[in-house]
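*Asks:* Structure, please.
(4 chains)
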There are 2 protein chains.
Amino acid sequence: MEKTSRDPAMTDVARLAGVSHQTVSRVLNNHPNVREQTRLRVQAAIKELDYRPNRAARALVTGKTQLIGVVAQNSTLYGPASLLSAFEEAAAAAGFAVSVGRVKVLDRESISAAVERHRDQRVAGIVVIAPTSSAADALADVPAGVPLVTVDGDPDRPTPLVTVDQAAGAYEATRHLLEAGHETVWHVSGPADWFDAAGRVHGWRQALEAAHAEVPPVVTADWSAAAGYRAGQMLARMPEVTAVFCSNDHLALGLLRAMSERGRRVPHDLSVVGFDDVPEAAYFIPPLTTVRPDFAAVARETLGLLLQQVSDGGAAAPRRTVEPTLVKRESVAPPPR
Amino acid sequence: MEKTSRDPAMTDVARLAGVSHQTVSRVLNNHPNVREQTRLRVQAAIKELDYRPNRAARALVTGKTQLIGVVAQNSTLYGPASLLSAFEEAAAAAGFAVSVGRVKVLDRESISAAVERHRDQRVAGIVVIAPTSSAADALADVPAGVPLVTVDGDPDRPTPLVTVDQAAGAYEATRHLLEAGHETVWHVSGPADWFDAAGRVHGWRQALEAAHAEVPPVVTADWSAAAGYRAGQMLARMPEVTAVFCSNDHLALGLLRAMSERGRRVPHDLSVVGFDDVPEAAYFIPPLTTVRPDFAAVARETLGLLLQQVSDGGAAAPRRTVEPTLVKRESVAPPPR
DNA sequence: ACCGGTGATGTTAGCGATAACACCTGGTCG
DNA sequence: CGACCAGGTGTTATCGCTAACATCACCGGT
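*Replies:* Got it, this is the predicted structure:
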């Protein structure tokens, strides 16, 4: 009866190759002082046994793991999901595994708990997607010395941070509408406590002010299509509203439906621009002009900043900003005369 | 100068509490034979030092980690993203961390590589979201003895599997359209090599046959709104098409736009049902009737099956099916007379 | 009063890797 | 020609934990 023998260990490889386990270790870690012939023998033995180093043992002695912890909200919002996906890919390419700690609500307590879970696992570094101030507050609980990068966090906080340039995207979206001939542009914003939303409001306002256009009141919503629908029901009633910049594509979707119900044709009667460029935005009715953030770039920058901290041992608090691009489709036209 | 002293270890706690490190270990693992007073002393010391056990050391000696590896496609499709999110939450509740190995394409090679990366990390178990046959094929490369659960995989394969009952959902959707008075129901399917798509085709066909309705040819697409749009452009040309069941909500979105462009009003001229119930489906034009899978339930079942294997050491190949529900909105009406 | 059982604890031996050092061999140099 | 250096290799200690066994005090039964 074949007993399930344990996985081969370094000594097994050493025995087969006729060397000491330390030499096997040297081969594995690409130390220079190994004779070529020995290296080949060891590698052959590794292959023959299908040996794989025990990460736990390595982590124990080195005190480091090859794990990166990510704290993200438990949401299926397109933006966060894309970001996470891109980050996992980038990390895998760099030889790191990613452990995700989802959090139901972005309050300080939940986030701190998630960070602690990651610290328990001795992750090499932590990425926190902290798009609200409550989330950003939680970062104060993270002891110094833990490599940490914040994504979409508070621009005014001195932690290493990577963000999409929300204001620039919003500015461009708004200017695009103004250039189409609209006197001003209304804005349906995401939740006020999200930095993303705040940045977009800021860019929108700047564009209006730069053009000496009137700044209408901000319509504050959340990120959902439902909220966009409600905002749309209101805005549809106001004939002077001819252009709306929505803080994300789902808001825009809800708004489009409200307009459709009330008989206001987009873009003939009213122009709309969104933010995110969700994959189906090109199939809204009409196809949505929107701002596309480069999530892959954000992921790359984040990983870079984190690994830099891991090796340098911390140091300064650099900041990286990724520029989004405007994708023009069919939801923008000159205002009705 | 304060040297950054290393993290406290079990012996530090032991010293502070005046016991041996083994007693600390017993307290940590809830062994019964510890005097209450001792337990309290140890717990106080743990708290005072902010001691946290070293998982690597524990994993080294027990040979087990508290990590679950998930292999999923690098996609931001709503279904997979929701599932993943729900699974992470469930795993965290059970004290497991989740390491996600994203894969760009669902071919055998990529999946096997992702599985190997997880095995390198000595994960306690692996979940593979394997919605295509190429993905399911890769499971053959996973050695027996590795706890493994497949999600959305091949129903005909003898591996532990959790799936949504695609056929039942599709059946219900189709019957709903028939009951509204349509003579038959057309179907825009997802990619043919996806089990989800195949199951939905199956349920759709069953419902038609049970009602002795004509079975029109399947319109095969992928999961994108773009494909739904193309399918819609074709179907809109055929006056006899009065009801369409789309294999997911994004296909339905694209189809709705094509209908809108061609002047076919939904639901007055043509009824549509989708699948997935993405959060914004209620804000399509018109609000979409669709089938909602319970991803949280799938996640729970998956975790349960996996943990059972981890403790039982494998054994049989059970199978769990989760029933979806039909969500009725405004995209279905009786056919035009 | 003696003995075995039981509960509470301590001691020792690994788990599988890396780090530090010791040990050989040769070749080079004074 | 012996000392020294450096490259290649082996030996030993160690990381922080758990498992297994050893120990000790104390209990009740006969």
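*Asks:* Tell me the residues of chain A that contact DNA strand C?
*Replies:* A:6-7, A:9-11, A:21-22, A:25, A:28-29, A:51, A:53-54, A:57-58, A:60-62 (CB under 7 Å from any atom of the strand). C-betas here are computed from N, CA, C, even on glycine.
*Asks:* how about 10 Å then?
*Replies:* Counting by CB under 10 Å from any atom of the strand, the residues of chain A close to DNA strand C are A:6-14, A:20-29, A:31, A:33, A:51-64.
*Asks:* Just the buried subset of these, please.
*Replies:* A:8, A:10, A:12-14, A:23-28, A:51, A:53-60 (16 or more other CB atoms under 10 Å in any protein chain shown).
*Asks:* List, out of those, those positioned next to chain B.
*Replies:* A:Pro53, A:Asn54, A:Arg55, A:Ala56, A:Ala57, A:Ala59, A:Leu60 (CB under 8 Å from any CB of the partner chain).
*Asks:* from these, which single one is nearest DNA strand D?
*Replies:* Minimum separation from DNA strand D among these (CB to the nearest atom of the strand) is found for A:Leu60, which lies at 4.1 Å.
*Asks:* Could you verify my assumption that that closest one touches B:Arg58?
*Replies:* No. Under the criterion of CB atoms under 8 Å, A:Leu60 is not in contact with B:Arg58, lying 9.5 Å apart.
*Asks:* Counting only helices, which of the residues of chain A next to DNA strand C make the cut?
*Replies:* Residues of the residues of chain A next to DNA strand C located in helices (DSSP state H): A:10-14, A:21-28, A:55-62.
*Asks:* ok, for A:Leu253, nearest residue in space, not its chain neighbours?
*Replies:* Spatial nearest neighbour of A:Leu253, excluding adjacent residues (CB to CB, 6 or more residues apart in numbering or on different chains): A:Ala225 at 4.9 Å.
*Asks:* and that neighbour, what does it touch?
*Replies:* A:His250, A:Leu251, A:Leu253, A:Gly254, A:Arg257, B:Pro279, B:Glu280, B:Ala282, B:Tyr283 (CB atoms under 8 Å, 6 or more residues apart in numbering or on different chains).
*Asks:* and if you look at A:Asn74?
*Replies:* Listed by CB under 8 Å, 6+ apart, the contact partners of A:Asn74 are A:Arg102, A:Val103, A:Lys104, B:Ser85, B:Glu88, B:Glu89.
*Asks:* For it, which non-adjacent residue is closest in space?
*Replies:* Using CB to CB, 6+ apart, the closest residue to A:Asn74 is A:Arg102 (4.2 Å).
*Asks:* residues in the stretch 51-200 of chain A within reach of DNA strand D, list them.
*Replies:* With CB under 10 Å from any atom of the strand as the criterion, the stretch 51-200 of chain A comes near DNA strand D at residues A:Ala56, A:Ala57, A:Arg58, A:Ala59, A:Leu60, A:Val61, A:Thr62, A:Gly63, A:Arg122.
*Asks:* want to throw those into JSON lines with distance to B:Val115 and pLDDT?
*Replies:* Listed next are those as JSON lines, based on distance: CB to CB, whole Å; pLDDT from 0 to 100:
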{"residue": "A:Ala56", "distance to B:Val115": "19", "pLDDT": "94"}
{"residue": "A:Ala57", "distance to B:Val115": "21", "pLDDT": "95"}
{"residue": "A:Arg58", "distance to B:Val115": "21", "pLDDT": "94"}
{"residue": "A:Ala59", "distance to B:Val115": "21", "pLDDT": "94"}
{"residue": "A:Leu60", "distance to B:Val115": "25", "pLDDT": "94"}
{"residue": "A:Val61", "distance to B:Val115": "27", "pLDDT": "94"}
{"residue": "A:Thr62", "distance to B:Val115": "25", "pLDDT": "92"}
{"residue": "A:Gly63", "distance to B:Val115": "28", "pLDDT": "89"}
{"residue": "A:Arg122", "distance to B:Val115": "24", "pLDDT": "90"}
